[in-house]
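# Sequence plus predicted model, see below.
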Amino acid sequence: MLTDAQRHEAVASLLESHRTKVQGRRPSEMFPEIEIEDSYAISSMVAEARIAEGRRIVGHKVGLTSRAMQAASKIDEPDYGYMFDDLVLQDGAEVPFNRFCVPRVEPELTFVLKDALKGPGVGLVDVLRATEWVVPSIEIIDARVTEPRRIFDTVADNGAAAGTVLGGRPVRPDEVDLRWVGAIFHRNAAIEETGIAAGVLGHPAMAVAWLANKLGAFGTTLEPGHMILSGSFTRPVWANKGDTLHADFGPLGSVAVRFV
(Lines give C-alpha, C1' and ligand atoms only; values in the text may rest on other atoms or scores of the structure.)
Protein backbone atom coordinates (compact mmCIF):
# COMPACT_ATOMS: atom_id res chain seq x y z
CA MET A 1 0.00 0.00 0.00
CA LEU A 2 1.12 3.55 -0.70
CA THR A 3 1.65 6.21 1.92
CA ASP A 4 -0.60 9.26 2.07
CA ALA A 5 2.24 11.35 0.64
CA GLN A 6 2.63 9.00 -2.33
CA ARG A 7 -1.11 9.05 -3.01
CA HIS A 8 -1.13 12.85 -2.91
CA GLU A 9 1.79 12.92 -5.36
CA ALA A 10 -0.15 10.76 -7.80
CA VAL A 11 -3.23 12.95 -7.37
CA ALA A 12 -1.22 16.10 -8.09
CA SER A 13 0.17 14.56 -11.28
CA LEU A 14 -3.30 13.54 -12.52
CA LEU A 15 -4.78 16.96 -11.74
CA GLU A 16 -1.95 18.60 -13.68
CA SER A 17 -2.76 16.39 -16.68
CA HIS A 18 -6.43 17.37 -16.38
CA ARG A 19 -5.36 21.02 -16.46
CA THR A 20 -2.75 20.91 -19.24
CA LYS A 21 -4.13 18.04 -21.37
CA VAL A 22 -0.62 16.61 -21.44
CA GLN A 23 -0.17 13.00 -20.35
CA GLY A 24 1.64 12.54 -17.05
CA ARG A 25 3.54 9.66 -15.50
CA ARG A 26 1.71 6.46 -14.71
CA PRO A 27 1.05 5.87 -11.01
CA SER A 28 2.37 2.31 -11.49
CA GLU A 29 5.60 3.78 -12.90
CA MET A 30 5.91 6.28 -10.07
CA PHE A 31 5.14 3.67 -7.41
CA PRO A 32 5.63 0.02 -8.54
CA GLU A 33 4.28 -1.18 -5.19
CA ILE A 34 0.84 0.34 -5.90
CA GLU A 35 -2.23 -1.82 -5.17
CA ILE A 36 -5.75 -1.58 -6.56
CA GLU A 37 -7.01 -0.09 -3.29
CA ASP A 38 -4.49 2.73 -3.74
CA SER A 39 -5.81 3.37 -7.24
CA TYR A 40 -9.40 3.73 -6.08
CA ALA A 41 -8.28 6.00 -3.24
CA ILE A 42 -6.39 8.19 -5.73
CA SER A 43 -9.44 8.34 -8.00
CA SER A 44 -11.63 9.39 -5.05
CA MET A 45 -9.15 12.09 -4.09
CA VAL A 46 -9.13 13.47 -7.64
CA ALA A 47 -12.95 13.46 -7.54
CA GLU A 48 -12.91 15.39 -4.27
CA ALA A 49 -10.60 17.97 -5.84
CA ARG A 50 -12.94 18.37 -8.81
CA ILE A 51 -15.92 18.82 -6.47
CA ALA A 52 -13.97 21.49 -4.60
CA GLU A 53 -13.56 23.26 -7.96
CA GLY A 54 -17.36 23.35 -8.37
CA ARG A 55 -18.07 20.17 -10.27
CA ARG A 56 -20.96 17.86 -9.32
CA ILE A 57 -21.11 14.06 -9.47
CA VAL A 58 -24.06 12.98 -11.64
CA GLY A 59 -23.37 9.25 -11.77
CA HIS A 60 -20.73 6.63 -12.44
CA LYS A 61 -19.20 4.73 -15.32
CA VAL A 62 -18.41 1.03 -15.33
CA GLY A 63 -15.57 -0.28 -17.47
CA LEU A 64 -13.81 -3.54 -18.27
CA THR A 65 -17.15 -5.32 -18.50
CA SER A 66 -16.15 -7.75 -21.26
CA ARG A 67 -14.05 -10.85 -20.72
CA ALA A 68 -11.62 -9.83 -23.44
CA MET A 69 -10.90 -6.47 -21.82
CA GLN A 70 -10.56 -8.06 -18.38
CA ALA A 71 -8.06 -10.58 -19.73
CA ALA A 72 -6.09 -7.80 -21.43
CA SER A 73 -5.97 -5.86 -18.15
CA LYS A 74 -5.18 -8.96 -16.05
CA ILE A 75 -8.11 -8.34 -13.73
CA ASP A 76 -11.15 -10.51 -13.07
CA GLU A 77 -13.78 -7.84 -12.43
CA PRO A 78 -14.94 -4.50 -13.89
CA ASP A 79 -13.76 -1.12 -12.68
CA TYR A 80 -15.59 2.17 -12.12
CA GLY A 81 -15.15 5.92 -12.22
CA TYR A 82 -17.14 9.07 -11.49
CA MET A 83 -19.26 11.06 -13.94
CA PHE A 84 -19.32 14.83 -13.46
CA ASP A 85 -21.84 17.37 -14.72
CA ASP A 86 -19.37 18.94 -17.17
CA LEU A 87 -18.82 15.58 -18.90
CA VAL A 88 -22.44 15.18 -20.05
CA LEU A 89 -22.99 16.11 -23.72
CA GLN A 90 -25.99 15.98 -26.03
CA ASP A 91 -26.38 14.24 -29.39
CA GLY A 92 -24.57 16.08 -32.18
CA ALA A 93 -22.20 17.88 -29.83
CA GLU A 94 -19.10 19.50 -31.32
CA VAL A 95 -16.30 18.98 -28.84
CA PRO A 96 -12.95 20.81 -28.94
CA PHE A 97 -10.25 18.21 -29.59
CA ASN A 98 -7.87 20.12 -27.31
CA ARG A 99 -10.03 19.21 -24.30
CA PHE A 100 -8.40 15.77 -24.36
CA CYS A 101 -5.00 14.09 -24.35
CA VAL A 102 -5.70 11.08 -26.60
CA PRO A 103 -9.49 10.64 -26.94
CA ARG A 104 -11.19 7.41 -27.92
CA VAL A 105 -14.90 6.59 -28.11
CA GLU A 106 -17.17 3.65 -27.36
CA PRO A 107 -20.91 2.91 -27.83
CA GLU A 108 -22.81 1.85 -24.75
CA LEU A 109 -26.07 2.12 -22.83
CA THR A 110 -26.62 4.60 -20.00
CA PHE A 111 -29.05 3.72 -17.20
CA VAL A 112 -30.89 6.65 -15.57
CA LEU A 113 -32.17 5.71 -12.12
CA LYS A 114 -35.53 6.67 -10.63
CA ASP A 115 -34.93 4.83 -7.36
CA ALA A 116 -31.88 4.38 -5.18
CA LEU A 117 -29.78 1.22 -5.39
CA LYS A 118 -27.50 0.04 -2.62
CA GLY A 119 -25.74 -3.27 -2.21
CA PRO A 120 -25.15 -5.89 -1.13
CA GLY A 121 -27.52 -8.25 -2.88
CA VAL A 122 -28.54 -6.08 -5.84
CA GLY A 123 -29.45 -8.20 -8.88
CA LEU A 124 -30.62 -7.74 -12.44
CA VAL A 125 -34.32 -7.40 -11.59
CA ASP A 126 -33.52 -4.83 -8.89
CA VAL A 127 -31.68 -2.72 -11.45
CA LEU A 128 -34.50 -2.93 -13.99
CA ARG A 129 -37.04 -2.01 -11.32
CA ALA A 130 -34.98 1.03 -10.25
CA THR A 131 -34.28 2.28 -13.80
CA GLU A 132 -36.41 4.98 -15.42
CA TRP A 133 -34.67 5.24 -18.80
CA VAL A 134 -32.01 3.45 -20.80
CA VAL A 135 -30.30 5.89 -23.18
CA PRO A 136 -28.12 5.07 -26.21
CA SER A 137 -24.81 6.82 -25.68
CA ILE A 138 -21.25 7.34 -26.81
CA GLU A 139 -18.63 7.44 -24.09
CA ILE A 140 -15.50 9.49 -24.63
CA ILE A 141 -12.50 8.04 -22.83
CA ASP A 142 -9.11 9.66 -22.42
CA ALA A 143 -5.74 8.61 -21.05
CA ARG A 144 -4.21 11.23 -18.80
CA VAL A 145 -1.17 8.96 -18.27
CA THR A 146 1.35 7.48 -20.69
CA GLU A 147 1.55 3.97 -22.11
CA PRO A 148 1.85 1.15 -21.27
CA ARG A 149 -1.04 1.56 -18.83
CA ARG A 150 -1.90 -1.09 -16.26
CA ILE A 151 -5.19 -1.56 -14.44
CA PHE A 152 -3.80 0.46 -11.51
CA ASP A 153 -3.30 3.43 -13.83
CA THR A 154 -6.72 3.24 -15.48
CA VAL A 155 -8.54 3.01 -12.14
CA ALA A 156 -6.54 5.90 -10.66
CA ASP A 157 -7.35 7.92 -13.80
CA ASN A 158 -11.10 7.72 -13.04
CA GLY A 159 -11.60 4.79 -15.39
CA ALA A 160 -10.45 7.08 -18.24
CA ALA A 161 -13.84 8.89 -18.10
CA ALA A 162 -13.85 12.03 -20.26
CA GLY A 163 -17.41 12.51 -21.54
CA THR A 164 -20.79 10.95 -22.30
CA VAL A 165 -22.90 11.85 -25.32
CA LEU A 166 -26.58 11.06 -24.77
CA GLY A 167 -28.97 10.59 -27.68
CA GLY A 168 -31.01 8.16 -29.69
CA ARG A 169 -34.43 7.01 -28.44
CA PRO A 170 -34.44 6.52 -24.67
CA VAL A 171 -36.48 3.47 -23.70
CA ARG A 172 -38.05 2.07 -20.56
CA PRO A 173 -36.07 -0.94 -19.33
CA ASP A 174 -38.94 -3.32 -20.12
CA GLU A 175 -39.58 -2.03 -23.66
CA VAL A 176 -36.81 -4.07 -25.29
CA ASP A 177 -34.61 -7.03 -24.53
CA LEU A 178 -31.53 -5.03 -23.59
CA ARG A 179 -29.23 -7.98 -24.27
CA TRP A 180 -29.98 -7.70 -27.98
CA VAL A 181 -29.51 -3.95 -28.37
CA GLY A 182 -26.86 -3.58 -31.06
CA ALA A 183 -24.77 -0.78 -32.46
CA ILE A 184 -22.99 -0.07 -35.73
CA PHE A 185 -20.18 2.34 -34.94
CA HIS A 186 -18.92 4.67 -37.68
CA ARG A 187 -15.95 7.01 -37.83
CA ASN A 188 -16.83 9.41 -40.64
CA ALA A 189 -17.97 7.14 -43.51
CA ALA A 190 -16.28 3.95 -42.32
CA ILE A 191 -17.78 1.27 -40.07
CA GLU A 192 -15.19 0.69 -37.35
CA GLU A 193 -16.99 -1.64 -34.93
CA THR A 194 -20.22 -3.55 -34.39
CA GLY A 195 -21.54 -5.32 -31.30
CA ILE A 196 -24.47 -6.18 -29.05
CA ALA A 197 -25.06 -5.24 -25.44
CA ALA A 198 -24.99 -8.85 -24.19
CA GLY A 199 -21.21 -8.48 -24.39
CA VAL A 200 -21.52 -6.50 -21.15
CA LEU A 201 -21.57 -9.22 -18.45
CA GLY A 202 -24.31 -11.08 -20.35
CA HIS A 203 -26.76 -8.22 -19.76
CA PRO A 204 -25.89 -4.51 -19.42
CA ALA A 205 -28.00 -4.18 -16.26
CA MET A 206 -25.56 -6.55 -14.57
CA ALA A 207 -22.90 -3.83 -14.80
CA VAL A 208 -25.15 -1.56 -12.74
CA ALA A 209 -25.79 -4.37 -10.25
CA TRP A 210 -22.04 -4.95 -9.92
CA LEU A 211 -21.48 -1.25 -9.25
CA ALA A 212 -24.25 -1.05 -6.64
CA ASN A 213 -22.80 -4.03 -4.80
CA LYS A 214 -19.21 -2.80 -5.10
CA LEU A 215 -20.04 0.66 -3.75
CA GLY A 216 -22.46 -0.69 -1.17
CA ALA A 217 -19.50 -2.25 0.61
CA PHE A 218 -18.27 1.31 1.25
CA GLY A 219 -21.69 2.59 2.33
CA THR A 220 -22.28 4.41 -0.98
CA THR A 221 -25.73 4.48 -2.62
CA LEU A 222 -26.51 4.95 -6.32
CA GLU A 223 -28.83 7.94 -6.14
CA PRO A 224 -32.14 8.61 -7.97
CA GLY A 225 -31.47 10.65 -11.09
CA HIS A 226 -27.90 9.42 -11.41
CA MET A 227 -26.65 8.06 -14.72
CA ILE A 228 -24.71 4.81 -14.89
CA LEU A 229 -22.71 4.01 -18.02
CA SER A 230 -22.82 0.24 -18.29
CA GLY A 231 -19.67 -0.34 -20.35
CA SER A 232 -18.79 -0.71 -23.99
CA PHE A 233 -19.70 -3.71 -26.11
CA THR A 234 -17.09 -2.91 -28.79
CA ARG A 235 -13.42 -2.07 -28.77
CA PRO A 236 -12.54 1.63 -28.37
CA VAL A 237 -12.25 3.66 -31.58
CA TRP A 238 -9.63 6.39 -31.92
CA ALA A 239 -10.85 9.92 -32.52
CA ASN A 240 -8.85 12.52 -34.44
CA LYS A 241 -9.48 16.21 -34.90
CA GLY A 242 -12.22 16.66 -37.52
CA ASP A 243 -13.68 13.17 -37.03
CA THR A 244 -17.40 12.53 -36.63
CA LEU A 245 -18.22 9.43 -34.59
CA HIS A 246 -21.69 8.00 -35.12
CA ALA A 247 -23.32 5.08 -33.29
CA ASP A 248 -26.40 3.60 -34.99
CA PHE A 249 -28.46 1.68 -32.41
CA GLY A 250 -31.10 0.60 -34.95
CA PRO A 251 -34.63 0.91 -33.48
CA LEU A 252 -33.17 2.93 -30.58
CA GLY A 253 -31.92 5.64 -32.91
CA SER A 254 -28.41 7.05 -33.19
CA VAL A 255 -25.88 9.25 -31.38
CA ALA A 256 -23.11 11.37 -32.87
CA VAL A 257 -20.25 13.56 -31.73
CA ARG A 258 -17.72 15.61 -33.70
CA PHE A 259 -14.24 16.59 -32.60
CA VAL A 260 -13.32 20.09 -33.78
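Nice, thanks for sending it over. Numbering: from 1, shown residues only.
# need the next SSE after the helix or strand of the chain with the lowest mean pLDDT, C-terminal direction.
Ranking every helix and strand in the chain by mean pLDDT, DSSP states H and E puts helix 67-73 at the bottom, with a mean of 64. Downstream of helix 67-73, the next assigned helix or strand under DSSP states H and E is strand 79-84.
# other SSEs contacting the helix or strand that that next one is followed by?
Sequence-wise, the next helix or strand downstream of strand 79-84 (DSSP H and E) is strand 88-90. When contacts are defined as 3 or more C-beta pairs under 8 Å, 6 or more residues apart in numbering; DSSP states H and E, strand 88-90 sits against strand 161-166. Bear in mind the C-beta positions are built from the backbone N, C-alpha and C, glycine included.
# tell me the angle the strand it packs on makes with strand 79-84.
Orientation check (axes from the mean of the first three to the mean of the last three C-alpha atoms, to 10 degrees): strand 161-166 against strand 79-84 gives 70 degrees.
# For strand 161-166, the averaged confidence score.
Strand 161-166 shows a mean pLDDT of 97.
# Partner strands of whichever helix or strand comes after that strand, with direction?
Scanning forward in sequence from strand 161-166 by DSSP H and E, the next helix or strand is strand 182-187. Sheet pairing for strand 182-187, assigned by DSSP bridges, gives strand 190-196 (antiparallel), strand 244-248 (antiparallel).
# for those strands, which one sits closest to Glu9?
Nearest to Glu9, of all the strands paired with strand 182-187, is strand 244-248, at 35.0 Å by C-beta to C-beta.
# any idea where the helices of the protein begin and end?
Counting by DSSP state H, one finds helices in the chain at the ranges 4-20, 27-30, 36-52, 67-73, 124-130, 151-156, 205-216.
# In CSV: those helices, plus mean neighbour count and distance to Leu109.
As requested, the helices of the chain are exported to CSV (neighbours: other C-beta atoms under 10 Å; distance: least, C-beta to C-beta, whole Å):
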stretch, mean neighbour count, distance to Leu109
helix 4-20, 16, 27
helix 27-30, 20, 30
helix 36-52, 18, 23
helix 67-73, 14, 16
helix 124-130, 18, 12
helix 151-156, 25, 21
helix 205-216, 23, 9
